[in-house]
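My questions concern the predicted model and sequence given below.
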Amino acid sequence: MTTSTTQRMTLEEYLTYDDGTDTRYELVDGVLVPMGTENPINPQITGFLFALFLGLGIPHYRLVIGHQIEVISAHATARQPDLIVHSQESEAAILQDGKLLRYDSPVPLLVVEVVSNSDTDKKSRDRDYQEKRSEYEARRIPEYWIIDPAAAVVLVLTFNGTKYEEQRSIDDQHLISPSFPDLQVTAAQVLRAGK
């Protein structure tokens, strides 16, 4: 992965940075790092989930693409999940501070990451399966979903008070979500973006 600049940035500079492109960046130890190229199915999966949660009665203003979560890790300073389902408290906190959910802010109910090219990009796979898992676990986020189209699997990670417990779903297995018990969707439906 290449960095866009060698000059170190503060978190505040990062939050207002715009290089005039559509490139998404994460801040790693003060350095901008471009995020990998997304698989074309990834935004479709995110859109499908957005609609699915709307159907469950989650207000649209608590479903967000583009907000960031501050983390403390050797790998990043802030992460931008593909989808965030805010709690009432985290939604109120982010409205006070812009697009970053600070480390001492209330946590969202769910963060979703759709893995890009896990079969060919080991760094991307490790970032979602290992780095973000430990970062979100440290934040005590109740649920973290890893959706991996290349591996044809959806992982629902549920925080048990000390660590994440993992439930794998493939094919026509239903996702089990403690935060959303009325959810009726299979791994295959998610991985095909509802098609």
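Thanks, I have it.

By residue count, which helix of the chain is the longest?
Using DSSP state H, we find that the single longest helix of the chain is helix 41-55.

Can you give the strand pairings for the helix or strand following it, parallel or anti for each?
Later in the chain than helix 41-55, the nearest helix or strand by DSSP states H and E is strand 63-64. Strand pairing for strand 63-64, determined by DSSP bridges: strand 83-85 (antiparallel).

can you list the residues that contact the partner strand?
46, 49-50, 53, 58, 62-65, 67, 69, 90, 101, 108-112, 179 (Cβ atoms under 8 Å, 6 or more residues apart in numbering). (C-beta placed from N, C-alpha, C; glycine too.)

on that earlier part again, tell me how confident the model is about the longest helix of the chain, as a mean pLDDT.
Helix 41-55 shows a mean pLDDT of 94.

And stretch 144-153, by the same measure?
Per-residue pLDDT values across stretch 144-153 average out to 95.

what's the span of that stretch from first residue to last?
One end of stretch 144-153 to the other measures 14 Å (Cα to Cα, to the nearest Å).

Now do the residue most central in space within the chain against Gln173, distance only.
Nearest to the geometric centre of the chain sits Pro81, at 2.5 Å (Cα atoms, centre = their mean). Pro81 sits at a distance of 23 Å from Gln173 (criterion: Cβ to Cβ, to the nearest Å).

Asn117 now?
Counting by Cβ to Cβ, the gap from Asn117 to Gln173 is 24 Å.

Neighbour count for these two, which is higher?
Under the criterion of other Cβ atoms under 10 Å, the comparison of Asn117 against Gln173 puts Asn117 first, with 18 against 14.

Double-check the more buried one against Ala150; I have them as touching.
Yes. With contact defined as Cβ atoms under 8 Å, Asn117 reaches Ala150; the gap is 6.4 Å.

quick one on the thing from earlier: model confidence for the residue nearest to the centre of the chain, exactly?
So Pro81 comes in at 93 (pLDDT).

Now it. Nearest residue, chain neighbours left out?
Val111 (4.2 Å; Cβ to Cβ, 6 or more residues apart in numbering).

next one: Ile94
Ile94 sits nearest to Leu101 (Cβ to Cβ, 6+ apart), 5.1 Å away.

Confirm for me that that neighbour is in contact with Leu95.
No. With contacts counted by Cβ under 8 Å, Leu101 stays clear of Leu95, the gap being 10.5 Å.

Which other helices and strands does the helix or strand of the chain with the lowest mean pLDDT contact?
One helix or strand of the chain scores below all others by mean pLDDT, DSSP states H and E: strand 25-28, with a mean of 71. Judged by 3 or more Cβ pairs under 8 Å, 6 or more residues apart in numbering; DSSP states H and E, strand 25-28 is in contact with helix 11-16, strand 31-34, strand 78-79.

chain center to the shortest one, what's the gap?
What it means is strand 78-79. The chain centre lies 9 Å from the centre of strand 78-79; the measure is Cα atoms, centre = their mean, to the nearest Å.
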